[in-house]
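> The amino acid sequence is not available; the structure is as follows:
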């Protein structure tokens, strides 16, 4: 693979504009994965940079660190081109770090990582909640699952105990049998997960590695207007509302019921 930085390691005339274009292309490719509606839920984009020795000043120039608003304007133009509808108060943050944080989307040709943060929608008077997921199509270990806000992470996938792509071990709380139903074969072992968001007062649905393109699909059919929302990024959660239907793969369906306290 062509090593952009190794080739230019001792080149004092490294093309700053070319470096900026590489970073913008990386961010653009990640934003392209989002549906337009997902942009409305973004609070900030965080770009982490771990430059080689002697390279930080080049990144500082390329990323307009002396004028952060200018780099954010570049990203805004990209978002507008893809009709992502970013909220008016979204922020672009650039941080120079000694190590890229876990969970960041890593660049291939640059020592950079990107994290997309959800906007927080305050919902007062909601301290906790109980929710239910009812299996409408497909076959899981149970027909109805009770979820509690105290549960940190609720994994959804095919088979109960699976090994993740990074060698770790994953337990699916909502587990679909491998051969039990035609719909089940389109469910990934690492398909999706739910997390309770106390500030937003709702359960957020995230597509995992196997539940976003180019792998299998994760979609939500809104109970409010029957629109279909497709999850394209593992970074952006979808706030489930009472009556929403979660569609895994081609045709496995879960119905979500929320009881606020």
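Cool, the structure landed. Keep in mind that this is a model prediction, so the values were computed, not measured. Residues are numbered from 1 along each chain as shown.
> Walking through the stretch 51-200 of the chain, point out its helices one by one.
For the stretch 51-200 of the chain, applying DSSP state H, counting those that start in this stretch gives helices covering 56-62, 68-81.
> and those helices as JSON lines, adding distance to residue 26 and mean neighbour count?
C-betas here are computed from N, CA, C, even on glycine. Formatted as JSON lines, the helices of the stretch 51-200 of the chain follow (distance: least, Cβ to Cβ, whole Å; neighbours: other Cβ atoms under 10 Å):
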{"stretch": "helix 56-62", "distance to residue 26": "12", "mean neighbour count": "17"}
{"stretch": "helix 68-81", "distance to residue 26": "11", "mean neighbour count": "15"}
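> Need these in JSON lines (columns: mean pLDDT and distance to residue 257).
Formatted as JSON lines, the helices of the stretch 51-200 of the chain follow (pLDDT from 0 to 100; distance: least, Cβ to Cβ, whole Å):
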{"stretch": "helix 56-62", "mean pLDDT": "93", "distance to residue 257": "48"}
{"stretch": "helix 68-81", "mean pLDDT": "92", "distance to residue 257": "34"}
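> and of the ones you listed, who's closest to residue 98?
In terms of Cβ to Cβ, the element of these nearest to residue 98 is helix 56-62, at 11.3 Å.
> Quick one: list the elements packing against the closest one.
Contact here means 3 or more Cβ pairs under 8 Å, 6 or more residues apart in numbering; DSSP states H and E; on that basis helix 56-62 packs against helix 16-31.
> got a markdown table for the helices of the stretch 51-200 of the chain, with distance to residue 109 too?
Output for those, formatted as a markdown table (distance: least, Cβ to Cβ, whole Å):
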| stretch | distance to residue 109 |
| --- | --- |
| helix 56-62 | 13 |
| helix 68-81 | 18 |
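> For residue 24, which of those is the nearest?
So among these, helix 68-81 is nearest, using Cβ to Cβ, at 6.1 Å.
> Show me what the closest one is in contact with.
Applying Cβ atoms under 8 Å, 6 or more residues apart in numbering, the external contacts of helix 68-81 come out as 24, 27-28, 31, 39, 45, 63-65, 85-86, 91-92, 94.
> Now do the same contact list for residue 238.
By Cβ under 8 Å, 6+ apart, the residues touching residue 238 are 204, 205, 206, 220, 229, 231.
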